[in-house]
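Chemist: whatever this is, show me its structure:
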Amino acid sequence: MKKTLSHTVWECKYDVVWVPKKRRKIIFGKLRRELGEILRRLCEYKGVDLLEGKACIDHIHMCIGIPPKYSVSSIVGYLKGRSAIILFEKYGSLKKNFRGHSFCARGYYVGTVRLDEARVRKCIQNQEENESVEDHYDGNLSDPFQGGR
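Modeler: Predicted coordinates for the structure are as follows:
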């Protein structure tokens, strides 16, 4: 569906993927639900349409509509940065697993979506079928390097 600004009609949809630092398998259970809610709120605040999204155990995959007044890199940077800050404030134990104040790896993937939007949405929806392990971890966010201590 085409959107409008004061002098613009636009339909800018993007397929965006990013991963936690060192692709750690840390996005599950309560953290996963919280991250999804944070990303929804951040998208709403900036006027970005979250068409489809999934927080998988080792990456975030979203199909979003970005108004032309924003660059793709500024929105992706905003989503990655603000969500990390909010998560670190809420889950202080995450800081010891990630050096600095960075939850996400520096890079990300972005691709334009137009005729293949249905295919991209289906891909995002079906990602969980291969990752049934994530709902088994519903509790501690412990340090993976501490072992069973």
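Chemist: helices of the chain, residue ranges please.
Modeler: Here the chain has its helices, by DSSP state H, at 29-46, 72-90, 117-125.
Chemist: got any ranges where this structure has weak pLDDT?
Modeler: By pLDDT under 70, the weakly predicted segments of the chain are 1, 22, 92-102, 115, 128-149.
Chemist: quickly list what the most centrally placed residue in the chain is bridged to.
Modeler: Residue closest to the mean C-alpha point of the chain, counted by Cα atoms, centre = their mean, is residue 60 at 3.8 Å. Residue 60 has the following beta-bridge partners by DSSP bridges: residue 18, residue 55.
Chemist: mean neighbour count and distance to residue 54 added to the helices of the chain, as a markdown table?
Modeler: No exception for glycine: its C-beta is placed from N, CA and C like everyone else's. Below are the helices of the chain laid out as a markdown table (neighbours: other Cβ atoms under 10 Å; distance: least, Cβ to Cβ, whole Å):
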| stretch | mean neighbour count | distance to residue 54 |
| --- | --- | --- |
| helix 29-46 | 16 | 8 |
| helix 72-90 | 17 | 14 |
| helix 117-125 | 15 | 5 |
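Chemist: can you report phi and psi for residue 19?
Modeler: phi -120, psi 160 (degrees, to the nearest 10).
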